[in-house]
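Fold the following and give me the result.
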Amino acid sequence: MHLILDFGNTFQKCAIFDQRQMLRLKRFEHINLDALRSFIQQYPEIDSCILSSVIDTPDDIISYLKAHYYFIELDNTTVIPLVNKYHSPLTLGKDRLAAAVGLSILASGQNALSIDIGTAIKFDIVNANNEYLGGSISPGLYLRFKSLHNFTAKLPLVGYNPVHDLIGTNTETSIVSGVINGAIAEINGLIAQYQERFDDLKIFLSGGESIYFEKYIKSNIFAISNIVLIGLNEILNFNEKNNSL
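Numbering: from 1, shown residues only. All right, here's what the predicted structure looks like:
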């Protein structure tokens, strides 16, 4: 049984996997050792753990994990079950790397595209040869709204509105139209370009803001909420097997 930890700036996600099945998931705003131990106490079968973190993980958590489990802290030296063709692996985000591994598992040997819509809109492509090629990063909705407010003198800070007509009739609705419809056009346009380049492309949509876009994407998609956790679990599986050889 696996303990999968994905520590981001906003939330720290903790998940329990049995083989490839996720049994439990919890998000913390501020993780500490007591909270982690409480989360895992009913799973004495856990024997392995992987941590992907973009925050300064408390030392007592690291020490506890190393003392109790086969433990991997994901970095650019971690062995992964796909070929990483990214030209600057040292700068590749851990979430993108884990998502690519999850994508390769979900796609089962097909060309596959992951679209993660959150703070940033991230496209990542894995081809049928199990090679991660890279993708793109652009601002998410909140960053677009915030930048219009912060870098102009008079534009107000607005937020997502499910009603976003093409033609805004005042400043606020014009901003909403530009941000939302612009992001929709960007996503559909990039998908079309990927489909021209890669045959039989499977498309997976994930991320906290993906719910705003599902009905506007013209292509067939698979909604998957935890592709990073799936990928981390696969990386741990792969390293366990290699370590036992």
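
Any regions of this protein where pLDDT drops low?
Under the criterion pLDDT under 70, the flagged ranges of the chain are 244-245.

Do a quick rundown of the strands in it.
All strands of the chain, identified by DSSP state E, fall at 2-7, 12-18, 21-28, 48-53, 70-73, 83-84, 112-117, 120-126, 131-139, 202-206, 222-223.

who wins for proximity to S104 among those?
Ranking these by their distance to S104 (criterion: CB to CB) puts strand 120-126 first, at 4.9 Å. From N, CA and C alone the C-beta is placed, and that goes for glycine too.

Sheet partners, orientation included, of that closest one?
If you go by DSSP bridges, strand 120-126 pairs up with strand 112-117 (antiparallel), strand 131-139 (antiparallel).

Next, the angle from it to strand 202-206.
Counting by axes from the mean of the first three to the mean of the last three CA atoms, to 10 degrees, strand 120-126 points 150 degrees away from the direction of strand 202-206.

Strand 120-126: how far from the chain's middle?
A distance of 9 Å separates the C-alpha centroid of strand 120-126 from that of its chain, computed with CA atoms, centre = their mean, to the nearest Å.

again with stretch 150-164
26 Å.

Give me the buried positions along that stretch.
Across stretch 150-164, burial judged by 16 or more other CB atoms under 10 Å covers L155, V158, H164.

Touching it from outside, list them.
Outside stretch 150-164, the residues that touch it by CB atoms under 8 Å, 6 or more residues apart in numbering are 141-142, 145-146, 148-149, 171-173, 175-177, 180-181, 209, 212.

and these, which are buried?
In terms of neighbour count (16+ other CB under 10 Å), the buried residues within those are L141, Y142, F145, L148, T173, I175, V176, S177, I180, N181, E209, Y212.

Which residues are in contact with the closest residue to the second one other than its chain neighbours?
Translated: Y142. Using CB to CB, 6 or more residues apart in numbering and skipping residues adjacent in sequence, the residue nearest Y142 is T119, 6.8 Å away. Residues near T119 by CB under 8 Å, 6+ apart: G140, Y142, L143.

JSON lines for those residues, including distance to K94?
Compiled in JSON lines, those are given as follows (distance: CB to CB, whole Å):
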{"residue": "G140", "distance to K94": "18"}
{"residue": "Y142", "distance to K94": "21"}
{"residue": "L143", "distance to K94": "20"}
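
got the contact list for stretch 214-229?
Counting contacts by CB under 8 Å, 6+ apart, the residues touching stretch 214-229 from outside are 4, 6, 13, 15, 17, 22, 25, 52, 95, 98-99, 102-103, 106, 114-116, 184, 187-188, 191-192, 195, 202-206, 210, 230.

so how far is S88 from I224?
The gap separating I224 from S88 is 26 Å, by CB to CB, to the nearest Å.

nope, H164 is what I meant
To S88, H164 is 36 Å away according to CB to CB.

try S63
In this structure, S63 lies at 32 Å from S88, with CB to CB as the measure.
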